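K.L.:
only geometry, no sequence info:
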Ligand code: 4AD
Ligand code: MG
């Protein structure tokens, strides 16, 4: 007998066939003569209804089967006479594998708050909501690789332990070993971004991307920040800022399309319970061009908005989430790309524009989320880059390897970073970033 997952069994539509299936009980109810188990194995939002009667081997065990128990069922797939499902499994045999005491098992059938489930992060994947979110996360990761494979980009691995600070915002976790403080012979850190290494690789392979965990020791306890988050970072030789923005827009649209094609049922579930109008919003974003405006225009919009923002909207200040959301939700109504930010608020590697005060940076903003992508054209001119590094008080010697790529065969190049969890927030309608990564790390919290 074949042991298949519930998704495969339901998709087979092979009424009359025998199947063996293992999973966890969402709910169980019984009378003297018949019992029903709603079984999930995480493979799909739909569970499998297992029907037992006095003929079923193990029927007397049904009284011990509660929400959370693990069971193995063997039986025949039949068309369900009941409402709510097309097929059900008429069980010949049921085996209770692992008990779950209803007095102490925390994930009961009633609807729990997300806050409660966050404290039970080791068990929350058993709920409909979190199984859907983590299936979406898996599909999104596949969609990322799918996009770049189609485009002919090479997948590269940037180190997690690094000795350089890409963003220069002073948010690095230091890495040490108990016996030896400087295990690597010099201070080493968890990477905040794979970009600098991606640049080295792009200046040889032309088009590459990294996709991995990155770490930031910023003390921002917000629903949009994690200390450990995953970032996708494409880096492309011979791309200028416009090419970079074009790719970012194409990429984001392709990801949404991929998700609609490959995991519609989980998106529908999230729409139903967490984000009304989600699918329409996704389709809208795919169809319409993104709005593009430079930083100076964006500041102008903000100043004329008549809104009472918490943060200043003077030229030279960073654009905050409240501003981003105003622009993309209220003012424009579609995703917005803002480019040419003041040099003074951006890292050393961004290309200086001819005006001498802005750099070729770009951020992609989405409704509900704000910034989802940050990127730039990189400074490819050795003299300008050296000057910038010195001006910012960075150690030029420490960046010698980076400067070498400008010394030898330098080319125009660009790249960006997309936050995986922010993308998932957008796709799932979840409001808190801690609910779209299995084991969140935030200030004061690193369980497991
Ligand atoms: O804008 P950021 O800081 O850009 C970089 O790191 C560049 N080196 C990328 C590049 O050009 N290759 O971060 C990029 C994205 C943000 O737009 C956001 O989506 C996400 O990473 N992000 C975070 N996500 C969760 N928690 C945090 N603390 C995040 N910080 C950034
Ligand atoms: Mg940014």
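P.N.:
Cool, the structure landed. Every value quoted in this text rests on a predicted model; they were computed, and no experiment measured them. Ligands and ions are numbered 1, 2, ... in the order given.

K.L.:
So the closest residue in space to residue 342 that isn't next to it in sequence: helix, strand or coil?
P.N.:
Excluding the flanking residues, the one nearest residue 342 by C-beta to C-beta, 6 or more residues apart in numbering is residue 316, at 5.2 Å. C-beta here means a position set from N, CA and C on the backbone, and glycine is covered the same way. Under DSSP: H, G, I helix; E, B strand; the rest coil, residue 316 falls in the coil class.

K.L.:
tell me which parts of the stretch 251-400 of the chain are close to ligand 1?
P.N.:
Residues of the stretch 251-400 of the chain lying near ligand 1 by C-beta under 6 Å from any ligand atom: 371, 372, 373, 374, 375, 376.

K.L.:
how about a cut-off of 8 Å?
P.N.:
Residues of the stretch 251-400 of the chain lying near ligand 1 by C-beta under 8 Å from any ligand atom: 347, 363, 364, 371, 372, 373, 374, 375, 376.

K.L.:
Could you spell out the sheet neighbours of the helix or strand hosting the fifth one, each with its direction?
P.N.:
Using DSSP states H and E, the element containing residue 372 is strand 370-377. Strands adjacent to strand 370-377 in the sheet, as given by DSSP bridges, are strand 358-366 (antiparallel), strand 413-419 (antiparallel).

K.L.:
Let me have these in a markdown table, extended by mean pLDDT and mean neighbour count.
P.N.:
Output for the strands paired with strand 370-377, formatted as a markdown table (pLDDT from 0 to 100; neighbours: other C-beta atoms under 10 Å):
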| stretch | mean pLDDT | mean neighbour count |
| --- | --- | --- |
| strand 358-366 | 98 | 25 |
| strand 413-419 | 98 | 25 |
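
K.L.:
As a markdown table, those with distance to residue 321 would be great.
P.N.:
Listed next are the strands paired with strand 370-377 as a markdown table, based on distance: least, C-beta to C-beta, whole Å:
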| stretch | distance to residue 321 |
| --- | --- |
| strand 358-366 | 9 |
| strand 413-419 | 13 |
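
K.L.:
of all the ones you listed, which lies closest to residue 136?
P.N.:
strand 413-419 (14.9 Å; C-beta to C-beta).

K.L.:
returning to what we had before: and the residue nearest to residue 342, how far is that from residue 127?
P.N.:
46 Å (C-beta to C-beta, to the nearest Å).

K.L.:
Any idea how far apart the tips of stretch 315-322 sit?
P.N.:
Distance between the two ends of stretch 315-322: 16 Å, counting by C-alpha to C-alpha, to the nearest Å.

K.L.:
May I see the buried residues of it?
P.N.:
Going by neighbour count (16 or more other C-beta atoms under 10 Å), the buried part of stretch 315-322 is 319, 320, 321.

K.L.:
these two touch, right, the last one and residue 224?
P.N.:
Yes: the pair formed by residue 321 and residue 224 meets the contact definition of C-beta atoms under 8 Å, at 6.9 Å.

K.L.:
buried set for stretch 334-343?
P.N.:
For stretch 334-343, by 16+ other C-beta under 10 Å, it's 334, 335, 336, 337, 338, 339, 340, 341, 342, 343.

K.L.:
and if you look at stretch 223-231?
P.N.:
Result for stretch 223-231 [16+ other C-beta under 10 Å]: buried residues 224, 225, 226, 227, 228, 229, 230, 231.

K.L.:
May I have the phi/psi pair for residue 179?
P.N.:
phi -80, psi -30 (degrees, to the nearest 10).

K.L.:
Need the phi and psi values for residue 132.
P.N.:
Dihedral angles (degrees, to the nearest 10) for residue 132: phi -60, psi -50.

K.L.:
correction: residue 142
P.N.:
Backbone torsions of residue 142, given as degrees, to the nearest 10, read phi -60, psi -40.

K.L.:
What's the separation between it and ligand 1?
P.N.:
Using C-beta to the nearest ligand atom, to the nearest Å, residue 142 is found at 19 Å from ligand 1.

K.L.:
Can you report how many residues lie near that residue?
P.N.:
14 (other C-beta atoms under 10 Å).

K.L.:
Could you look up the SS state of the nearest residue to residue 337 once chain neighbours are set aside?
P.N.:
Excluding its sequence neighbours, the residue lying closest to residue 337 (C-beta to C-beta, 6+ apart) is residue 292, at 4.6 Å. Put simply, residue 292 is strand when judged by three-state DSSP.

K.L.:
my guess is residue 292 contacts residue 336, does it?
P.N.:
Yes: using C-beta under 8 Å, residue 292 makes contact with residue 336 at a distance of 7.4 Å.

K.L.:
one step back: quick one: contacts for the residue nearest to residue 342?
P.N.:
342, 344, 345 (C-beta atoms under 8 Å, 6 or more residues apart in numbering).

K.L.:
what's the answer for residue 88, then?
P.N.:
Residue 88 sits in contact with 48, 49, 50, 51, 77, 78, 80, 82, where contact means C-beta under 8 Å, 6+ apart.

K.L.:
so which of the residues you listed comes closest to residue 219?
P.N.:
Once C-beta to C-beta is applied, the member of those that ends up nearest residue 219 is residue 48, at 46.0 Å.

K.L.:
mind checking how far that closest one is from residue 389?
P.N.:
If you go by C-beta to C-beta, the gap between residue 48 and residue 389 works out to 60 Å.

K.L.:
Pick out whichever of the two has more residues nearby.
P.N.:
For the pair residue 48 and residue 389, the greater number of neighbours falls to residue 48 (25 against 21), based on other C-beta under 10 Å.

K.L.:
what about the stretch 301-448 of the chain, any weak spots by pLDDT?
P.N.:
Judged by pLDDT under 70, the stretch 301-448 of the chain has no weakly predicted residues.

K.L.:
okay, now residue 56: neighbour count?
P.N.:
Residue 56, neighbours per other C-beta under 10 Å, totals 22.

K.L.:
What of residue 194?
P.N.:
29.

K.L.:
ok, now the one 3 residues further on?
P.N.:
Burial of residue 197 is recorded as 22 neighbouring residues (other C-beta under 10 Å).

K.L.:
could we number from 37 for the rest of this?
P.N.:
Yes, from this point I'll number from 37; that puts the last item at residue 233.

K.L.:
Surely it and residue 194 touch.
P.N.:
Yes: assessed by C-beta under 8 Å, residue 233 is found in contact with residue 194 at 4.1 Å.

K.L.:
and the stretch 137-286 of the chain, which residues reach ligand 1?
P.N.:
202-203, 205, 228-231, 234, 250, 252, 254, 256, 260-263, 265, 267, 269-271.

K.L.:
Among those, which lie within strands?
P.N.:
Residues of those located in strands (DSSP state E): 250, 265, 267, 269, 270, 271.

K.L.:
who's in contact with residue 299?
P.N.:
171, 172, 175 are the contacts of residue 299 under C-beta under 8 Å, 6+ apart.

K.L.:
Turn these into a markdown table, columns for pLDDT and secondary structure.
P.N.:
Output for the contacts of residue 299, formatted as a markdown table (pLDDT from 0 to 100; DSSP: H, G, I helix; E, B strand; the rest coil):
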| residue | pLDDT | secondary structure |
| --- | --- | --- |
| 171 | 98 | helix |
| 172 | 98 | helix |
| 175 | 98 | helix |
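
K.L.:
I appreciate the help and will end here.
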